[in-house]
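**Q** sequence and computational prediction follow.
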Protein chains: 2
Amino acid sequence: MAKKPDLLPGTLDMLILKTLARGPLHGYGIAQSIKRLSEDVLTVEEGSLYPALQRLLLAGWLKGEWKMSETNRRARFYTLTRAGRKQLGVEISEFEQMIAAIGRVLAAPEEA
Amino acid sequence: MAKKPDLLPGTLDMLILKTLARGPLHGYGIAQSIKRLSEDVLTVEEGSLYPALQRLLLAGWLKGEWKMSETNRRARFYTLTRAGRKQLGVEISEFEQMIAAIGRVLAAPEEA
DNA sequence: TTTCTATCCATAGATAATCTATATATTGGC
DNA sequence: GCCAATATATAGATTATCTATGGATAGAAA
């Protein structure tokens, strides 16, 4: 019970946006990139990734176009839009504020 | 749309356990304590708090007993069990691992 | 005395995010 | 011809959180 999640809920969009800020990539490549950079701590399941990409496309933060991948398969390459880059900044700063706040709670001394 | 959440999903149990590691408290006091320590960044809504407390009781990480509060109202005071303290350690270390992993992704350079 | 505010508990229902499982298809190596 | 890796996508379940209520009491204020 209480299985360890593959990632921190609420951070996936930010991770995708950040990954794409490094350059256009297809979905499979995004998942691999996050896994590799996080040193295998974060895993993005397909069932999380593709719905998230739809969300981000719909929000106008990404655009997508079909191309051939490095391995010669058809793949949809996503690129960060200007709005997407702005959103990335917003998400990072909100995230950092949250983390700092949690840090303050965790740092509270345990003796009265 | 996409309203900023009151806290990072997945961190509430840890925050409650940590708060109780500082000493027994009733639900209302837990929420206040988290809000205050986080400097108003984190807000725990009742609709999140009480179900969470039920979860934690059921898991054996807390015990609860009815008493009179400082303000002379009946209130249920929660105390961390030994298992709860252990769980707190587990959750903190998993959380820190996640944060470190996210940090690595966010620190990745944006130029190829 | 009545009313208001803060304190305290709790649940129902909606929403959102993620995970599990599955389906499909193609390339290239063996 | 088969298999592993690459690649996209959806349905359904699960879980966590938020919104919105509802109820009750103490003490201050009016």
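**A** Thanks, I have it. Numbering: from 1, shown residues only, chains lettered A, B, ... in the order given.

**Q** buried stuff in stretch A:53-73?
**A** A:53, A:56-57, A:61-62, A:64 (16 or more other C-beta atoms under 10 Å in any protein chain shown). Every C-beta, even on glycine, is put in place using the N, C-alpha and C of the backbone.

**Q** quick check: end-to-end length of that stretch?
**A** Stretch A:53-73 has its terminal residues 19 Å apart, counting by C-alpha to C-alpha, to the nearest Å.

**Q** do stretch A:30-42 and DNA strand C meet?
**A** No. Stretch A:30-42 lies apart from DNA strand C when judged by C-beta under 7 Å from any atom of the strand; the minimum separation is 8.7 Å.

**Q** returning to what we had before: which pair in the buried residues of stretch A:53-73 spans the largest distance?
**A** A:Trp61 and A:Gly64 (11.1 Å; C-beta to C-beta).

**Q** what sits in contact with each of those two?
**A** Common contact partners of A:Trp61 and A:Gly64 (C-beta atoms under 8 Å, 6 or more residues apart in numbering or on different chains): none.

**Q** chain A: strands as residue ranges?
**A** A:25-26, A:62-68, A:74-80 (DSSP state E).

**Q** with mean pLDDT and distance to DNA strand D added, can I get the ones you listed in TSV?
**A** Output for these, formatted as TSV (pLDDT from 0 to 100; distance: least, C-beta to the nearest atom of the strand, whole Å):
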stretch	mean pLDDT	distance to DNA strand D
strand A:25-26	96	3
strand A:62-68	94	8
strand A:74-80	96	3
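
**Q** any chance of those in a markdown table, plus distance to DNA strand C?
**A** Putting the strands of chain A into a markdown table (distance: least, C-beta to the nearest atom of the strand, whole Å) gives the following:
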| stretch | distance to DNA strand C |
| --- | --- |
| strand A:25-26 | 13 |
| strand A:62-68 | 9 |
| strand A:74-80 | 7 |
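
**Q** for A:Val105, which of those strands is the nearest?
**A** That would be strand A:74-80 among those, by C-beta to C-beta, at 33.1 Å.
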